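S.K.: My questions are about this predicted structure, shown below with the sequence.
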Amino acid sequence: MSRRCRLVLAWSCAATVATPRVIVVTGMERTGTTVTSELIMSTAGALGPFETGFLAAERPALFNNVHPFFEHARRGRAQTLRGGLQLDDAQLAELLESRTHADMYHYALATSPLFRRRGANTTIFVDKAPRYARFLSDAMRRAPPGTRFVVVSKTVENGRRSWEARGNAHLYEKTYASFRRQVELATRDHPGLVYELSYENLFLDLCTRNETARRLFDFLGLPFEYAWFSGRALKRKRKDRCQLCRWRIAPATIPCDASRARPA
């Protein structure tokens, strides 16, 4: 039995599951996919790199042609700082030998230093990649069975403003129309597995933040604590960049929606 097979088998036995549990976070660029994925990673057992991109490859053997995600998975100082998988060349070659995309997640969980850090204890792979929104239904078809997809979106006005800040305003309308078509198609083809999330309700509106987060975590089948908005829980597991930490938006008590929120 090869080293790769032994690693995957060992992880599978330890996790006592037939397929890895994966949560995908996607959406148009500049819509809050990073902070949303970091909030999800704050729960026990959930973790992932800054971006993964496995599902952008039609099959695992073609992942080496998916840029820049293949480079992000490679071991190196820049990738470490960005929270990459940090796989060496031999491990990357073995990753490409995976039979299915589910096997890719298995292999990454078993080998990546990101998941072996003390305190991580990862059993849920959080795959954040805005690119999936361009071919959402195909990405869902490639994902392990039952994978839940969180699609983050901004209002048209806020989305356009974010793209203007990057000098891409002329591309926004066409990209947004394509994004809406992809979400509708994926929702039709994969009922119950797509959750569209409002960035404004989760991060900007104090009166909807707590309940919006609870609904999101209910969809994912995970517990939720309001203190996770501080980013501290994630920082204990992933020592690299933490966009959520910069916000410092978790006060000592839940804000104005506390009277409406369901009890914890």
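M.R.: Cool, got the structure.
S.K.: where do the strands sit along the stretch 151-264 of the chain?
M.R.: Along the stretch 151-264 of the chain, counting by DSSP state E, counting those that start in this stretch, strands occupy 194-198.
S.K.: so where is it shaky, pLDDT-wise?
M.R.: When residues are selected by pLDDT under 70, those of the stretch 151-264 of the chain lie in 248-264.
S.K.: Apply 90 and report the result again.
M.R.: 166, 168-169, 205-207, 230, 232, 234-264 (pLDDT under 90).
S.K.: hey, where'd the helices end up in it?
M.R.: 156-165, 169-189, 199, 209-220, 232-237, 243-247 (DSSP state H, counting those that start in this stretch).
S.K.: Tell me which of those lies nearest to Leu87.
M.R.: Proximity to Leu87 (Cβ to Cβ) singles out helix 232-237 among the helices of the stretch 151-264 of the chain, at 18.7 Å. (Glycine included, C-beta is placed from N, CA and C.)
S.K.: Can you classify Ser126 as helix, strand or coil?
M.R.: Careful, residue 126 is Val and not Ser. State at Val126, reduced to three classes by DSSP: H, G, I helix; E, B strand; the rest coil: strand.
S.K.: For it, the count of nearby residues, please.
M.R.: Counted with other Cβ atoms under 10 Å, the neighbours of Val126 add up to 23.
S.K.: could the helices of the stretch 151-264 of the chain go into CSV alongside distance to Thr33?
M.R.: Below are those laid out as CSV (distance: least, Cβ to Cβ, whole Å):
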stretch, distance to Thr33
helix 156-165, 12
helix 169-189, 12
helix 199, 9
helix 209-220, 13
helix 232-237, 15
helix 243-247, 10
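S.K.: ok, Arg75 - how many residues close by?
M.R.: By other Cβ under 10 Å, 16 other residues sit near Arg75.
S.K.: Now do it against Gly48, distance only.
M.R.: Separation of Arg75 from Gly48 (Cβ to Cβ, to the nearest Å): 17 Å.
S.K.: List the buried residues of stretch 54-73.
M.R.: Neighbour counts using 16 or more other Cβ atoms under 10 Å place Phe54, Leu55, Ala56, Ala57, Pro60, Phe63, Asn64, Val66, Phe69, Phe70, His72, Ala73 of stretch 54-73 among the buried residues.
S.K.: which of those sit farthest apart?
M.R.: Between all members of the buried residues of stretch 54-73, the farthest pair (by Cβ to Cβ) comes out as Pro60 and His72, at 16.0 Å.
S.K.: Among the helices of the stretch 151-264 of the chain, which comes closest to Ala108?
M.R.: Ala108 lies closest, by Cβ to Cβ, to one member of the helices of the stretch 151-264 of the chain: helix 232-237, at 15.7 Å.
S.K.: and for the closest one, what are the contacting residues?
M.R.: 38, 41-43, 47, 117, 119-120, 225, 227-228, 242, 244-245 (Cβ atoms under 8 Å, 6 or more residues apart in numbering).
S.K.: buried set for it?
M.R.: For helix 232-237, by 16+ other Cβ under 10 Å, it's Ala233, Leu234, Lys237.
S.K.: ok, so of those residues, who is nearest Tyr172?
M.R.: The shortest approach to Tyr172 among the buried residues of helix 232-237 belongs to Leu234, at 30.0 Å (Cβ to Cβ).
S.K.: re earlier: please identify the deepest-packed of the helices of the stretch 151-264 of the chain.
M.R.: helix 199 (a mean of 23; mean count of other Cβ atoms under 10 Å).
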